[in-house]
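Peer 1: Here is my input, please return the structure:
(chains A and B)
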2 protein chains.
Amino acid sequence: MNDDTYTAVQYGLGPIGSRIATTAHETGFEFVGAVDIDPEKVGRPVGDVAGFDTDADVTVTDDAADALVADPDVVFHSTGSSVEAVAPQLREIASAGANVVSTTEELSYPWWNAPEVAADLDAVAEENDVTVLGTGINPGFVMDTMPAVLSTPMASVDAVTVERVQDAGERREPLQKKVGAGVSVETFEEEIATEAGHVGSTESVAMLANALGFDLDGIEESIEPVVDEGGAESDFVTVEPGDVAGLRQVAHGSVDGETVVTLDLQMYVGADDPHDRVGFEGDPPVSVTVEGGYHGDVATSAVVTNVAPNVVAARPGLRSMLDVTTPSFTRQARR
Amino acid sequence: MNDDTYTAVQYGLGPIGSRIATTAHETGFEFVGAVDIDPEKVGRPVGDVAGFDTDADVTVTDDAADALVADPDVVFHSTGSSVEAVAPQLREIASAGANVVSTTEELSYPWWNAPEVAADLDAVAEENDVTVLGTGINPGFVMDTMPAVLSTPMASVDAVTVERVQDAGERREPLQKKVGAGVSVETFEEEIATEAGHVGSTESVAMLANALGFDLDGIEESIEPVVDEGGAESDFVTVEPGDVAGLRQVAHGSVDGETVVTLDLQMYVGADDPHDRVGFEGDPPVSVTVEGGYHGDVATSAVVTNVAPNVVAARPGLRSMLDVTTPSFTRQARR
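Peer 2: Residues are numbered from 1 along each chain as shown, chains lettered A, B, ... in the order given. Reported below is the predicted structural model:
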């Protein structure tokens, strides 16, 4: 191992965690440990589980302490969406003196929904001189960091709308099920709309509002079905006309009762113009479109890996994407 | 003055400097001094010269030392394009203990073209515990910082092309003259193409390459006329068919002889689809378009003002937009 190589531990080896570990390995991070509770994975080499080739003799353990003893520069953490649920894991990592980049959606900007957990994690991180940060493509980039950066050339910002339209038919089957593709409107109302939906919208609204200097008095979310008109189909589902092709989840942040931040996420089978779009009212008005939209699965592991050097170098404490140096693709992670 | 108000000095009160001062004043910076060598401006209140209302009794001086004695948090500097020419001014500001945000194009990323001046400024800034940074819309944002950020969700980047197409007919008359609108192709080759053209392309190529981890072996620039076909016209000029409507300036950065960074700037009267566009080859490919393109004049003063708090908080030394925390619009500048 070179002295300038970053050492890493992968904590959580599900589909996203495995992809992160693979991308990180290709970017030059050297894995010195890996954690997962799945008995099928424990004891196996990390590259074997995650899907990359390495000579390194690092096996998966179900005891985080065993992995953290290698004193990694950074832990890639991907075990859950709830910041409350994963806080003990994050506390253990930080206490061991390692920086953390996590895909925990609620960690991307926890000061709005979970200020006490945030304060606690901030204190633990600061005490141990490490940085803890949550990120990913959404939340973490496309509906918060990216629009924040795109506002830099504006003299005033009155309101912002971010729209992310994805063709769920191009995604994995579990995601198509999760958005309700193929069910009736009635079933959608009973089974899909009552679920949490996409986790992280509130965090993105709060983070983007903070970047733009809006002092929000509230954040509201709604989930509604996108009803199919023409019989959309994917490899996994055929949607009958009048049934549900997917969902639309909208989150609003308001100041004095006026909506100033709108995040509009649409994921449905048959979306024929997938895109990410950011529109600002202000001086000057700005409209930016990402053709086709950022790819969900590649993008999350890329954001996590690419921002890791910025996190290692950041001021200790619990931080957001707004607090690290300008993020970008990282070709080769070196100190 | 509140304790949390940033104090500022405006250094250079030409059209851009005046606009910066006005935007900064509206953003909450408190001007404690102003510098310009124009005898028409010296001795007058800064708000009067720049175009904003203030009760503060701050007048323009032609001696920078007189203004710097007020010990501002930040100096907005806008006097020239050449880093070599303005280096003595920047050295004086830094030595007085003030941070600097400058529109000097070559300062946006001086390590490629002027490494010795850069090293000297870095040393002076570090010694005096201040940060010096050059920025603006271009160079500074649209062809360097923005594409860098847009690469964050990518697992690999093979090449990037940034295209900025502006309708020169919508801009000020001097700019239309500068791009050669209305002259013959012969006159263009003799008088326009021999000028420097847009200053800052080399800096943007070098900065973007650095962000993307390309170790460039060379940067090449070319300027060619955009020849009018249909008789474009603006308030100031009518272009005869076959004459020049404006210019196209392309800068390439290469690795092992392969072009990996292309910046394509087109400014001509009658451009009917003005836009900024970033296209990446890589995994996944990414294409992002700013409809109409960022507005040149508003944008430069906005970028300078918006990033100033990030510059004040940055690590001391000569820095680029890649080294400050994630930039965004700043509603109210407060410590």
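Peer 1: If you drop the residues flanking it in sequence, what lies closest to the residue nearest in space to the middle of chain A?
Peer 2: In chain A, the residue lying closest to the centroid (CA atoms, centre = their mean) is A:Gly136, at 2.8 Å. Across the structure, with CB to CB, 6 or more residues apart in numbering or on different chains as the measure, the residue nearest A:Gly136 apart from its sequence neighbours is A:Thr300 (4.3 Å). Any C-beta I mention is one placed from the backbone N, CA and C, and that applies to glycine too.
Peer 1: do A:Val269 as well
Peer 2: Distances taken as CB to CB, 6+ apart place A:Gly169 nearest to A:Val269, at 4.0 Å, with adjacent residues excluded.
Peer 1: Report pLDDT for the residue of the stretch 101-250 of chain A found nearest chain B.
Peer 2: Across the stretch 101-250 of chain A, no residue is closer to chain B than A:Gly213, which sits at 2.6 Å (CB to the nearest CB). Among the per-residue scores, A:Gly213 shows a pLDDT of 97.
Peer 1: My read is that it contacts B:Ala333, right?
Peer 2: No - A:Gly213 sits out of contact with B:Ala333 when judged by CB atoms under 8 Å, with a separation of 9.6 Å.
Peer 1: which of those two has more neighbours?
Peer 2: When A:Gly213 and B:Ala333 are compared for neighbours, B:Ala333 comes out ahead with 22 against 16, by other CB atoms under 10 Å in any protein chain shown.
Peer 1: I'd say the more buried one and B:Pro309 touch.
Peer 2: Yes - here B:Ala333 lies in contact with B:Pro309, judged by CB under 8 Å, at a distance of 5.5 Å.
Peer 1: shared neighbours of those two, which are they?
Peer 2: Counting by CB atoms under 8 Å, 6 or more residues apart in numbering or on different chains, the common neighbours of B:Ala333 and B:Pro309 are B:Tyr6.
Peer 1: hmm, which helix or strand of chain A has the shakiest average pLDDT?
Peer 2: Counting by mean pLDDT, DSSP states H and E, the weakest-scoring helix or strand in chain A turns out to be helix A:173-178, with a mean of 87.
Peer 1: how far is that helix from where the chain is centred?
Peer 2: Once both centres are worked out by CA atoms, centre = their mean, to the nearest Å, helix A:173-178 turns out to sit 18 Å from its chain's centre.
Peer 1: still on that earlier bit, roughly how far apart are the residue nearest to the centre of chain A and B:Ala232?
Peer 2: Computed with CB to CB, to the nearest Å, the distance linking A:Gly136 and B:Ala232 is 46 Å.
Peer 1: Spit out the contact partners of the closest residue to A:Thr326 other than its chain neighbours.
Peer 2: Nearest in space to A:Thr326, with sequence neighbours left out and distances taken as CB to CB, 6+ apart, is B:Leu322 at 5.0 Å. Residues touching B:Leu322, when contacts are defined by CB under 8 Å, 6+ apart, comprise A:325-326, A:328, B:145, B:148, B:207, B:210-211.
Peer 1: mind running it again at 7 Å?
Peer 2: Counting by CB atoms under 7 Å, 6 or more residues apart in numbering or on different chains, B:Leu322 touches A:325-326, B:148, B:207, B:210-211.
Peer 1: Now which of those residues would you call buried?
Peer 2: By neighbour count, with 16 or more other CB atoms under 10 Å in any protein chain shown, the contacts of B:Leu322 hold A:325-326, B:148, B:207, B:210-211 as buried.
Peer 1: Going by distance to B:Tyr109, which of these wins?
Peer 2: Taking CB to CB as the measure, B:Tyr109 lies nearest B:Met207 of these, at 3.8 Å.
Peer 1: Quick one: residues contacting the closest one.
Peer 2: Applying CB under 7 Å, 6+ apart to B:Met207 gives the contacts B:108-109, B:144, B:320, B:322.
Peer 1: re earlier: in helices only, show me the buried ones among the contacts of B:Leu322.
Peer 2: In helices, defined here by DSSP state H, the members of the buried ones among the contacts of B:Leu322 are B:148, B:207, B:210-211.
Peer 1: any idea how far B:Glu240 is from the residue lying farthest from the centre of chain A?
Peer 2: Relative to the mean C-alpha coordinate of chain A, counting by CA atoms, centre = their mean, the farthest residue is A:Pro241 (32.8 Å). In this structure, A:Pro241 and B:Glu240 are 58 Å apart, going by CB to CB.
Peer 1: Kindly report the same for A:Val130.
Peer 2: If you go by CB to CB, the gap between A:Val130 and B:Glu240 works out to 66 Å.
Peer 1: returning to that earlier point: mind putting the buried ones among the contacts of B:Leu322 into TSV with distance to B:Arg315?
Peer 2: Formatted as TSV, the entries for these read as follows, by distance: CB to CB, whole Å:
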residue	distance to B:Arg315
A:Thr325	9
A:Thr326	13
B:Ala148	18
B:Met207	17
B:Asn210	17
B:Ala211	17
